[in-house]
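[1] Attaching a predicted model along with its sequence, questions to come.
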Amino acid sequence: MSPQIVEETLFLYHSVLLGVFVAVIYDIIRILRRVVKHNRFFISLEDILYWVFCAFEVFYLLYRESSGVLRWFSVLGIALGMFLYLISISRFVVGFASEFIRKVLHIIGKALGILFFPFKKAGMKIAGVSKKTGSFTKKGGRFVKKKLTASGKMLKMILCKH
């Protein structure tokens with residue numbers, strides 16, 4: 001086989017691998033979106049950063065393998081790699097990984113809940129005490145307000161007579 005055909009085949013192989021790599025990176029973003037809810041702003045920001053990353057990766061591949069010349073079979077190789085990954089194992093990877101991460105986070109949350117239970121209980125007791133004192137201060141505040149209002153009215157009546 002001629003060396004040029006071997007180079008072109010390697011170039012196509014690297015293009016397909018880059019397509020798989022880029023699809024795996026997007027699957028990681030999809031997993032994070034399933035685990036942690038995002039609003040539209042962060043989804044858009046993630047997508048922009050993802051496509052900028054992809055553009056740099058494709059540029060680097062083209063620069064390294066073909067001296068920056070755009071070769072359409074490399075673009076098709078990238079698309080082929082992405083397509084093959086997405087139709088083969090992407091759905092299973094995203095589903096399994098997101099469910100696994102959710103379960104791990106749930107277990108960590110339960111463990112932290114058990115660990116911090118005494119602090120939660122103490123906080124509830126403090127809240128109960130402050131609620132009771134709050135009702136006392138509320139009543140005291142109403143009493144003071146009534147007395148000040150009555151005193152203010154009395155002062156107005158005295159000043160208006162003179």
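    Thanks, I have the structure now.
[2] could you pull out the helices for the chain?
    For the chain, the helices defined by DSSP state H cover 3-35, 40-66, 72-88, 90-115, 117-161.
[3] export those helices to CSV and tack on mean pLDDT?
    Below are the helices of the chain laid out as CSV (pLDDT from 0 to 100):
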stretch, mean pLDDT
helix 3-35, 91
helix 40-66, 91
helix 72-88, 91
helix 90-115, 88
helix 117-161, 69
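[4] Mean neighbour count for those - can I get that in JSON lines?
    C-beta coordinates here come from the backbone N, C-alpha and C atoms, glycine included. Formatted as JSON lines, the helices of the chain follow (neighbours: other C-beta atoms under 10 Å):
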{"stretch": "helix 3-35", "mean neighbour count": "16"}
{"stretch": "helix 40-66", "mean neighbour count": "13"}
{"stretch": "helix 72-88", "mean neighbour count": "16"}
{"stretch": "helix 90-115", "mean neighbour count": "12"}
{"stretch": "helix 117-161", "mean neighbour count": "10"}
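[5] Next, give phi and psi for the most centrally placed residue in the chain.
    In the chain, the centroid-proximal residue (C-alpha atoms, centre = their mean) is Val36; its distance is 4.8 Å. With angles defined as degrees, to the nearest 10, Val36 sits at phi -110, psi 120.
[6] Can you tell me how far it is from Arg102?
    10 Å (C-beta to C-beta, to the nearest Å).
[7] What's the separation between Met82 and Tyr60?
    Distance from Met82 to Tyr60, counting by C-beta to C-beta: 17 Å.
[8] And for Val36?
    Val36 sits 30 Å away from Tyr60, going by C-beta to C-beta.
[9] now Ser88
    Relative to Tyr60, and taking C-beta to C-beta, Ser88 is found at 25 Å.
[10] Could you do Leu76 as well?
    Between Leu76 and Tyr60 the distance is 18 Å, computed by C-beta to C-beta.
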